[in-house]
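Participant: coords below, sequence missing:
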């Protein structure tokens, strides 16, 4: 396997392997809390905090964690930082904490965090794990900002509670409802897919069918023998 650079570790989570657009992870909070920009930003920052510090601790302690209980240990580490985030938000930002509700606690089972712990932090140094966490955290937070910003703007005509659209604008109420999350996510997935395809074309990479598929097509196109 090709060794990646520090820059590639960071950039992968933001662009090519974006947690949501590239890996389809963390879709539950993405759809549930992005009706307002403040909610999306808070969830992104909270997840990034947990991802960063859990990656650092796991990378530092990986040689001391028995392989048989590694997943249990990872979950315990992640849950510790989630509890810290939950308590701080409940004390400092009670309204925001109430708006996010159970989704703060559910960061514990967010596939992005456990996935990066198992796939990267447990196999690399602390420095590289920090870059990986920051890249994936920025990619996740940026996606939530795009989602929540578009939904609040079209659904309420505001951003962070401030009126942005003109007074005559008729809000698209469906955008701040559950279906609006699916519509917005679908639009961004199409846009991201188009961008990735364009990058592949620029790099001169063309999609090719697997060999067995090409063989099947060749066999099916052969003319049948005519039986007299």
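Facilitator: Yep, that arrived. Please read these numbers as outputs of a predicted model, since none were measured by experiment.
Participant: so who does residue 192 touch?
Facilitator: By C-beta atoms under 8 Å, 6 or more residues apart in numbering, residue 192 lies in contact with 18, 21-22. C-beta: built from backbone N, CA, C; applies to glycine.
Participant: okay if I get those residues as a markdown table plus distance to residue 11 and pLDDT?
Facilitator: Shown next, in a markdown table, are the contacts of residue 192 (distance: C-beta to C-beta, whole Å; pLDDT from 0 to 100):
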| residue | distance to residue 11 | pLDDT |
| --- | --- | --- |
| 18 | 10 | 88 |
| 21 | 14 | 90 |
| 22 | 12 | 86 |
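Participant: what's the closest of these to residue 141?
Facilitator: Taking C-beta to C-beta as the measure, residue 18 is the one of those closest to residue 141, at 11.0 Å.
Participant: name the SS class of that closest one, please.
Facilitator: At residue 18, secondary structure determined by DSSP: H, G, I helix; E, B strand; the rest coil is coil.
Participant: and it, how far from residue 92?
Facilitator: Going from residue 18 to residue 92 by C-beta to C-beta, to the nearest Å gives 29 Å.
Participant: looking at these two, which one has more neighbours?
Facilitator: The residue with more neighbours, out of residue 18 and residue 92, is residue 18; 22 against 9, by other C-beta atoms under 10 Å.
Participant: quick check: closest non-adjacent residue to that one.
Facilitator: The spatially closest residue to residue 18, leaving aside those adjacent along the chain, is residue 139, at 4.4 Å (C-beta to C-beta, 6 or more residues apart in numbering).
Participant: ok, the one you found to residue 15 distance?
Facilitator: Between residue 139 and residue 15 the computed distance is 7 Å (C-beta to C-beta).
Participant: the more surrounded of those two?
Facilitator: The residue with more neighbours, out of residue 139 and residue 15, is residue 139; 27 against 17, by other C-beta under 10 Å.
Participant: pLDDT score for that one?
Facilitator: With respect to pLDDT, residue 139 has a value of 94.
Participant: was I right to think it contacts residue 13?
Facilitator: Yes - Residue 139 lies in contact with residue 13 (C-beta atoms under 8 Å); the separation is 4.6 Å.
Participant: now the strands: where do they sit in the protein?
Facilitator: Using DSSP state E, the strands assigned to the chain run over residues 158-159, 162-163.
Participant: adding mean pLDDT, write these out as CSV.
Facilitator: Putting the strands of the chain into CSV (pLDDT from 0 to 100) gives the following:
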stretch, mean pLDDT
strand 158-159, 92
strand 162-163, 90
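Participant: which of these sits most buried?
Facilitator: Highest mean neighbour count of the strands of the chain: strand 158-159, a mean of 16 (counted as mean count of other C-beta atoms under 10 Å).
Participant: can you list contacts of it?
Facilitator: Applying C-beta under 8 Å, 6+ apart, the contact partners of strand 158-159 are 37, 149, 152-153, 164-165.
Participant: and with 10 Å instead?
Facilitator: With C-beta atoms under 10 Å, 6 or more residues apart in numbering as the contact definition, strand 158-159 has outside contacts at 36-38, 148-149, 152-153, 164-165, 171.
Participant: looking at those residues, which is nearest residue 7?
Facilitator: Set against residue 7, the nearest of the contacts of strand 158-159 by C-beta to C-beta is residue 149 (27.4 Å).
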